[in-house]
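J.: Here's a sequence, model it:
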Amino acid sequence: MVRKIKKPGASQGGQQDIIRQAQQMQQEMLKIQEELKDKTVETSVGGGAVTIKANGQKQILEMNLSLDILKDAVEDGDSSIVADMIINAVNEVLEKAEELAEKEMELVTGGVNIPGLF
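T.: The predicted structure is shown next:
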């Protein structure tokens, strides 16, 4: 069996290419994260009683509550139904924002899951 002798520094070019590609990927991911500020998702629960809008960075931008649900809560003296709807809507919109961010990042990572990315 014949072994090839590597020339000194021959693999260094490959390592530099890998580092360059990683830096380029990092720049693209930072760009996408910045662009996620302008992309929005929205959800509605309780037949439109609670509507919440968030951006791709998981920031809540808007929340609308119907007057009917608020009147019912006041009449019943029980705000727990409204609170539950708000919690459900927030969780749902944040899940959608997470899915949006993952989908956008897959464009850069090629679907490879990078731990700690989000």
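
J.: Going by residue numbers, what spans are helices in the protein?
T.: Under the criterion DSSP state H, helices of the chain are mapped to 12-35, 67-76, 80-109.

J.: Least confident secondary structure element in this protein?
T.: The weakest-scoring helix or strand in the chain, judged by mean pLDDT, DSSP states H and E, is helix 12-35 (a mean of 86).

J.: Tell me the buried residues in that helix?
T.: 29, 32, 33 (16 or more other Cβ atoms under 10 Å). Yep, even glycine has a C-beta here, placed from its N, CA and C like the rest.

J.: Nearest approach to residue 56 belongs to which of the helices of the chain?
T.: In terms of Cβ to Cβ, the element of those nearest to residue 56 is helix 80-109, at 4.9 Å.

J.: Show me what the closest one is packed up against.
T.: helix 12-35, strand 40-45, strand 50-55, strand 60-65, helix 67-76 (3 or more Cβ pairs under 8 Å, 6 or more residues apart in numbering; DSSP states H and E).

J.: hmm, 7 Å instead?
T.: helix 12-35, strand 40-45, strand 50-55, helix 67-76 (3 or more Cβ pairs under 7 Å, 6 or more residues apart in numbering; DSSP states H and E).

J.: could these be laid out in CSV, adding distance to residue 101?
T.: Below are these laid out as CSV (distance: least, Cβ to Cβ, whole Å):
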stretch, distance to residue 101
helix 12-35, 8
strand 40-45, 10
strand 50-55, 10
helix 67-76, 30
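
J.: Those: which one's closest to residue 92?
T.: The nearest among those, by Cβ to Cβ, is strand 40-45 at 4.4 Å.

J.: From the rest of the structure, what touches that closest one?
T.: 50-55, 61, 85, 88-89, 92-93, 96-97, 100 (Cβ atoms under 7 Å, 6 or more residues apart in numbering).

J.: Pick out whichever of these sits closest to residue 15.
T.: Looking across the contacts of strand 40-45 and measuring by Cβ to Cβ, the closest to residue 15 is residue 100, at 34.6 Å.
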